[in-house]
Every structure is written in structure tokens, then in C-alpha cells.
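Asker: Just a sequence and a predicted model for now, questions to come.
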Amino acid sequence: MKQLTAILIGAGARGSRSYAPYALDYPHELTFVAVAESDPNRLAQFANEHGIPPERCFASWEQLLEQPQLADIALICTQDRMHYYPTMEALRKKYHVLLEKPMSPDPKECIDMEQAAKENNRLLTICHVLRYTPFWSAIKRLITEGRIGQVASIQLNENVGYWHMAHSFVRGNWNNSETSSPMILAKSCHDMDVLSWLMDEPCVRISSYGSLMHFHSGNAPQGSTEYCIDGCAVEATCPYSAPRFYLGESKAWARHFTTDLSRESIVQGLKETGYGRCVYKCDNNVVDHQVVNMEFASGATAMFSMSGFTRDQERRIQIMGTRGEIRGEDDRIVLMDFVNHEKTEIKLPVQTSGHGGGDSGIVRSFLKEVRDYNGEESLTSAAASVRSHLMAFAAEQSRLNQGKSIELAEFANSLK
């Protein structure tokens, strides 16, 4: 098996902790030869872990991509609004590109990237990691085998988790659509992609409702302070307490603002970074709950619901077909047959890789596709991703227009 080489642009949590570890676990398959990262600590840490020499460490993607092509693959894991330019340049330099989702908060940029991949005859695979998990692969297989007949309706719930909502979408990097993406893209483009994949037919119209109902200054309790650690009168009883979360329940998540997980460093971070702010006094504007209704070409429908007000972080799905029904959650899938009333339970093994095995699964699949590349598109190609991204963009337009139904064909044509 040929070892492939890669460069990493953006050594944050997704790049360095979700995808790049594959090279450490399977060094005969993949090795990183260069990295670009603006944070000097992250840059040094990644270089040390992967044995990258100083002359192959760069403070910006521009510096790295000024070099002649250094590897087979470019893994791009910058922030949402920093995907377009490095992706376009990497494709021009003839790298096969694995790009973190979402492609871009600008629909025209998404279309440009898809076209650039075709023009340069290179793979552009988007990290819709759910498709690569045993759970979602099993559900797709049951549908393809005709086990429930024709799909008539799907209900998909994304339970974000109250703690994840506060961490990532109130205090964190994806809390403001002006600097990142709307929630339907930043978090739920996975779900739009899964629905598009399971239905396997065009979505023709879409509508959506949702709002920032809770996490705003109007709900700030009396006695609350700008930072939780500054003597907040209600911190002890607040479910979104930053000290309780980062010093206790999920200490590892403090890696998002400090590389040193000592109590002293975390406390300092809670005083000096946005992760210590009161959830009612942040600069967030993305929704904390949203529903999306979809109609597909055959007349089949889907309903998606995202909520930040759940205890667990999980997805639950119910797929209703003309001959049976599928229900799934966690690592359990139940198939119910209408003819013989048989109930079949599929229990999947616990996955050690992130996103239910999807993080390592997508890297493994991408490496195979690069080795065997003959011009065909990958499972989560830019073309496939653009379809589901347009669903997300249309849903957000509907939400901002009081739930007005959006015709997908008209919406796509308006972008040309």
C-alpha cells in the first residue's frame, strides 16, 4: 500500500485531533510533511507530534501554498470563512483536498470550489463524516436493499446538548454568523447532507422556523456578571456555569483555550477568554433551536429539528417507508417489517474514533480514493455537498423570511 503525503492547513481541534491522528495510528498509509497554523503553540505542538522540520512549518496558508507542491493531499481545517481561498489555491497546485465542513457560508463560493475541483481534475471531499460511520452506513444499506420499501417520510432530531450549545455556539467559535456561519450550516449541514443522501433524490422545496430564544441579554439573571468567575450571584445554580464545565464535568474541553490543563491555567482562561463569559452576555446571534420542513421530488417529506436544550448530544431518526420502518439512536437501529411484523435490532459496536467512527472513516476512505483516483467523485464530493449546502442556505433564507417556502430550483438559479 502506497504511503501518501499530506499538508495540514489549520491545526486546531478538528485538524490536529480528529483527522491528523490517523497518520500516527497508520504511518504506513499517511504522513504529514508540512503544516500552516497562525497560533505558534499549536504549530509547534503539531510539528513535534508529526516530526515536521522547522522549514516546513508556516504561519499562514499563503506561505505554505507559495511553495511547489509538497504532498499528495491538502487537509484544510481553517475556520468557516477561511476555506475558500486556500482550497482554490490548493486545487490549482494539484493537491487532492479534504475540506472541513461547511464548505463556505457563501453559496457562490461553494459552487466555485466544486467547479475548480473539476477543472483541475482533483478530488475535493467535504468532511460530512456521518456518512462514513457504521450507524449511518447501516441505515443507508437497509434503505438501498428495499427493506422498508419506498421512503415516504423521515424525522431527524439533532440534540445538540445544552453544554455543547453553550461551549461552541454561545461562547465559542461558531456563535456568530457574521464571523462563522448560521447554525444550519455550522452544525446542521451534517444533517442536511444525511437527509439528502438517504432520500437520494432532489429536494424541491423547503421552509424553516427558528430563533435565538434563550441565550441573550434579556434573559440574564439578576446578579449575573460578565464572566462566571467574577462573583456571579447565580453561578452555583446556573446549568451553563463555565467553571463547573471546564474545571469539572468536561475538563478536556478547556483545550479549546489552553494547552495546559492545570487548574491555574484553566482559571486564567476563564478570566481572559470568551469561554468564561456569561451565556447571556456574549456576542452570539445564531439560533438555539430550529425546525426545517422539506419536500422531495417523489413527494416524500422530511422534518428536521435542532435544539440546544437537551441533556445529551445525539441524533435520533425515524424513517417511514411503504413496507416498514427504521428507528435509530446511539448505537442501536431497529427495523420493523409491516408484512410479518418482525422486529430486527441491529446493535453496533462502540466506536473509538470521533463522530461515531466517522473521523477516521472519512480519512481511510479518502486515502483509498486518492490512490485509486480515475476522475470519479468521492462519497462526499463537493458536488454532493453543494446539493445539501443549498438546502441549508434555502432553509436559512426561509427562516429569515418568517418561514416562507423556498423553491430549490429557483433558489439555485438565482445564484448563477
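Answerer: Perfect, thanks for sending it.

Asker: helices or strands up against the helix of greatest length in the chain?
Answerer: The helix spanning the most residues in the chain, taking DSSP state H as the definition, is helix 382-400. Under the contact definition 3 or more CB pairs under 8 Å, 6 or more residues apart in numbering; DSSP states H and E, helix 382-400 sits against helix 107-119, strand 124-126, helix 183-186, helix 189-199, strand 203-211, strand 289-296, strand 406-407, helix 408-414. Yep, even glycine has a C-beta here, placed from its N, CA and C like the rest.

Asker: quick one, strands of the stretch 301-416 of the chain?
Answerer: For the stretch 301-416 of the chain, the strands defined by DSSP state E, counting those that start in this stretch cover 301-307, 314-321, 324-329, 332-337, 343-347, 406-407.

Asker: which phi and psi does Gln155 have?
Answerer: phi -120, psi 120 (degrees, to the nearest 10).

Asker: And it, how far from Arg315?
Answerer: Separation of Gln155 from Arg315 (CB to CB, to the nearest Å): 11 Å.

Asker: Have a look at the two and say which one is more surrounded.
Answerer: Arg315 (20 against 15; other CB atoms under 10 Å).

Asker: partners of the closest residue to that one other than its chain neighbours in the sheet?
Answerer: The shortest distance from Arg315 to any non-neighbouring residue, by CB to CB, 6 or more residues apart in numbering, is to Glu158 (5.4 Å). For Glu158, the beta-bridge partners are Met306, Arg315 (DSSP bridges).

Asker: now do Ile206
Answerer: Met294, Ile406.

Asker: is it true that it touches Ala392?
Answerer: No: judged on CB atoms under 8 Å, Ile206 makes no contact with Ala392 at a distance of 9.2 Å.

Asker: re earlier: the residue nearest to Arg315 and Pro182, how far apart?
Answerer: For Glu158, the distance to Pro182 - CB to CB - is 14 Å.

Asker: Also Ala47?
Answerer: Distance of Ala47 to Pro182, given as CB to CB: 34 Å.

Asker: quick one: which of the two has more around it?
Answerer: Taking other CB under 10 Å, Ala47 and Pro182 do not tie; Pro182 has more neighbours (28 against 19).

Asker: Can you read off the pLDDT for that one?
Answerer: According to the prediction, Pro182 has pLDDT 97.

Asker: Give me the nearest residue to it, chain neighbours excluded.
Answerer: Pro182 sits nearest to Glu396 (CB to CB, 6+ apart), 4.8 Å away.

Asker: residues in contact with the one you found?
Answerer: Pro182, Ile184, Leu185, Ser208 (CB atoms under 8 Å, 6 or more residues apart in numbering).

Asker: Now for those residues: which two are most distant?
Answerer: Spatial extent of the contacts of Glu396 (CB to CB) is set by the pair Leu185 and Ser208 at 12.4 Å.

Asker: CSV for the helices and strands packed on helix 382-400, including mean neighbour count and distance to Asp25?
Answerer: Output for the helices and strands packed on helix 382-400, formatted as CSV (neighbours: other CB atoms under 10 Å; distance: least, CB to CB, whole Å):
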stretch, mean neighbour count, distance to Asp25
helix 107-119, 18, 28
strand 124-126, 28, 20
helix 183-186, 26, 28
helix 189-199, 23, 24
strand 203-211, 20, 37
strand 289-296, 20, 36
strand 406-407, 17, 43
helix 408-414, 14, 40
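
Asker: Tell me the spacing between Ser207 and Ser405.
Answerer: For Ser207 relative to Ser405 (CB to CB), the value is 5 Å.

Asker: between those two, what contacts are shared?
Answerer: With CB under 8 Å, 6+ apart as the test, Ser207 and Ser405 both reach Ser398.

Asker: one step back: contact partners for the residue nearest to Arg315?
Answerer: Contact analysis of Glu158 by CB under 8 Å, 6+ apart lists Lys187, Ser188, His190, Asp191, Phe304, Ser305, Met306, Ser307, Arg315.

Asker: Show me the two of these that sit farthest apart.
Answerer: His190 and Ser307 (15.1 Å).

Asker: got the phi/psi numbers for the closest residue to Leu123 other than its chain neighbours?
Answerer: Leaving aside its chain neighbours, Leu123 sits nearest to His96 (4.3 Å; criterion: CB to CB, 6+ apart). Note on His96: its backbone torsions stand at phi -80, psi 130 [degrees, to the nearest 10].
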